[in-house]
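Chemist: just a sequence and a predicted model for now, questions to come.
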Amino acid sequence: MVAASTPTAAAPAADERLPLFVWCRHAVFDLMLLLAIAVASWWLQRATGWLPLPTQTLLAGMLLAPLCARLPGLRRHRPAPEVPLCVGMVLLGAQVDAQALQAVGFAGVGLLLLHQPIVRWCVRTPLRRLGVSPAAASLVAVGVGGGSLSAVFAAEATVPCQDERARQLAITATLLAGAVGFLVLPHVAAACGLDATACARWAGITMATTAEAVLVGAEHSPEAMRGTGAMRFLVNLLLWLPVLVHLRGFDAPRPHRLPPLRAAWWAVRRVPGFVYGLGLLALVTLCGGLATEEQQALGRATNWAFLMVLAGVGLTLRAATLRQLGPAPLLGALLGWAAAAAVLLGCALVVP
């Protein structure tokens with residue numbers, strides 16, 4: 001699961017000039033292509049068990065990208081992951097757990113708010129020293145800082161990257177931090193003797209991707225898994241904060257140049273649309289509006305939506321662009337993420 005932005009058309013931008021019927025046909029075809037990749041990856045994973053399902057789906061998209069570029073019938077199609085990501089993020093509201101939210105408590109929210117400026121500084125500083133542009137470094141910090149691909153797409157949708165390499169760097173660094181954290185954090189949590197609540201707070205805030213964060217909690221204990229899920233809900237609900245910080249620096253007009261009411265309206269308009277849906281569905285769930293069977297069905301739909309996201313991300317990643325990035329920016333982003341994670345670990349150990 002990866003733990004969105006305002007939905008954009010799955011068809012290429014040029015298709016916006018086509019008749020509405022043709023444009024809708026392209027959009028539906030693109031979404032069906034993402035679903036087909038997700039289903040094929042799921043079937044292959046069940047048959048072989050070679051790789052974790054999220055990793056396999058991402059790789060399947062990357063392997064199919066060159067084929068889509070060569071086939072005339074698929075060349076015009078560039079399935080965008082934003083639409084299923086928005087759907088999946090909204091449906092996450094059906095999985096909110098009131099007891100787990102109470103466990104992470106206000107201390108978890110405080111740690112989250114403390115972590116955001118720390119990870120932003122830790123990630124941007126090495127990237128700027130490596131010559132990465134300020135906008136690109138900020139976009140990387142948004143994703144690596146815990147907002148995941150959803151925050152990257154939300155920020156990039158409002159302030160599009162002029163350099164495609166910047167977007168590729170943000171996506172790749174976010175996925176890399178999630179993979180490394182999945183391998184390292186369980187051992188660190190065990191070595192430090194973190195209890196379920198501390199592990200949930202640390203993994204839920206530090207991890208750059210939702211699926212790996214929940215898996216880290218699950219390796220600790222069932223209580224930590226539920227707490228991590230609740231913590232990721234809060235991260236997703238509040239990810240508009242780092243997105244707005246990014247937009248404040250690279251979008252005009254800036255809030256501090258506007259009267260208070262207009263500045264507030266500027267902020268509200270730029271909050272990712274899925275945040276409102278996520279909050280509303282979570283409120284319905286907390287009020288008992290969904291039965292257990294309905295929550296389970298929506299949970300399965302959420303997983304499929306995120307698999308489609310990974311397929312779309314794989315289709316957008318270009319091996320040539322990744323080679324041009326080189327290892328230095330990715331290593332710098334990873335070291336910045338690790339430094340911020342270490343600071344948060346120290347805070348999680350002392351916060352009751």
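Modeler: All right, it came through fine.

Chemist: so Arg99 touches Glu223, yeah?
Modeler: Check again: residue 99 is Gln, not Arg. No - between Gln99 and Glu223 there is no contact, the gap being 9.6 Å when judged by CB atoms under 8 Å. C-beta: built from backbone N, CA, C; applies to glycine.

Chemist: tell me the buried residues in the top helix by length along the chain?
Modeler: Of all segments of type helix in the chain, defined using DSSP state H, the longest is helix 98-129. With burial defined by 16 or more other CB atoms under 10 Å, the residues of helix 98-129 counted as buried are 100-101, 103-104, 108-109, 111-112, 115-116, 118-120, 122-127.

Chemist: how far out from the middle of the chain is it?
Modeler: Centre-to-centre, helix 98-129 and its host chain are 15 Å apart (CA atoms, centre = their mean, to the nearest Å).

Chemist: do the same with stretch 280-292
Modeler: 23 Å.

Chemist: stretch 205-220 too?
Modeler: Using CA atoms, centre = their mean, the mean C-alpha position of stretch 205-220 is found 12 Å from that of the whole chain.

Chemist: run through the protein and note the low-pLDDT ranges.
Modeler: 1-23, 69, 72-78, 80, 157-163, 251-260, 263-264, 266-267, 318-322 (pLDDT under 70).

Chemist: quick one, strands of it?
Modeler: Using DSSP state E, the chain contains no strands.

Chemist: excluding chain neighbours, give the residue nearest to Leu283 in space.
Modeler: The spatially closest residue to Leu283, leaving aside those adjacent along the chain, is Gly93, at 7.8 Å (CB to CB, 6 or more residues apart in numbering).

Chemist: still on that earlier bit, other SSEs contacting the longest helix of the chain?
Modeler: In this structure, helix 98-129 makes packing contacts with helix 134-142, helix 196-206, helix 222-237, helix 240-250, helix 327-350, judged by 3 or more CB pairs under 8 Å, 6 or more residues apart in numbering; DSSP states H and E.

Chemist: again, only using 6 Å
Modeler: helix 134-142, helix 196-206, helix 222-237, helix 327-350 (3 or more CB pairs under 6 Å, 6 or more residues apart in numbering; DSSP states H and E).

Chemist: winner for burial among those?
Modeler: Each of those was given a mean neighbour count from mean count of other CB atoms under 10 Å, and the largest, a mean of 28, is that of helix 196-206.

Chemist: and the angle for that one with helix 98-129?
Modeler: Orientation of helix 196-206 against helix 98-129 (axes from the mean of the first three to the mean of the last three CA atoms, to 10 degrees) gives an angle of 40 degrees.

Chemist: which residues touch helix 196-206?
Modeler: For helix 196-206, contacts defined as CB atoms under 6 Å, 6 or more residues apart in numbering pick out 103-104, 108, 111-112, 115, 146, 185, 189, 213, 216-217, 220-221, 223-224, 227-228, 231-232, 341, 344-345, 348.

Chemist: ok, now stretch 34-53?
Modeler: Counting by CB under 6 Å, 6+ apart, stretch 34-53 makes contact with 56-57, 60-61, 79, 307-308, 311-312, all of which sit outside it.

Chemist: wouldn't Val104 be in contact with Arg232 here?
Modeler: No - Val104 lies out of contact with Arg232 (CB atoms under 6 Å); the separation is 10.0 Å.

Chemist: export only the CA atoms of stretch 195-208, formatted as PDB.
Modeler: Below are the C-alpha coordinates for stretch 195-208, written out as PDB (Å, rounded to 0.1, in the frame of the first residue of the first chain):
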ATOM      1  CA  ASP A 195       6.800  -0.800  23.200                       C
ATOM      2  CA  ALA A 196       3.800  -1.100  20.800                       C
ATOM      3  CA  THR A 197       2.800   2.600  21.200                       C
ATOM      4  CA  ALA A 198       6.300   4.000  20.700                       C
ATOM      5  CA  CYS A 199       6.900   1.700  17.700                       C
ATOM      6  CA  ALA A 200       3.600   2.700  16.100                       C
ATOM      7  CA  ARG A 201       4.400   6.400  16.500                       C
ATOM      8  CA  TRP A 202       8.000   6.000  15.200                       C
ATOM      9  CA  ALA A 203       7.200   3.800  12.300                       C
ATOM     10  CA  GLY A 204       4.000   5.500  11.400                       C
ATOM     11  CA  ILE A 205       5.700   8.900  11.200                       C
ATOM     12  CA  THR A 206       9.100   8.000   9.900                       C
ATOM     13  CA  MET A 207       8.300   5.600   7.100                       C
ATOM     14  CA  ALA A 208       7.900   7.200   3.700                       C
END
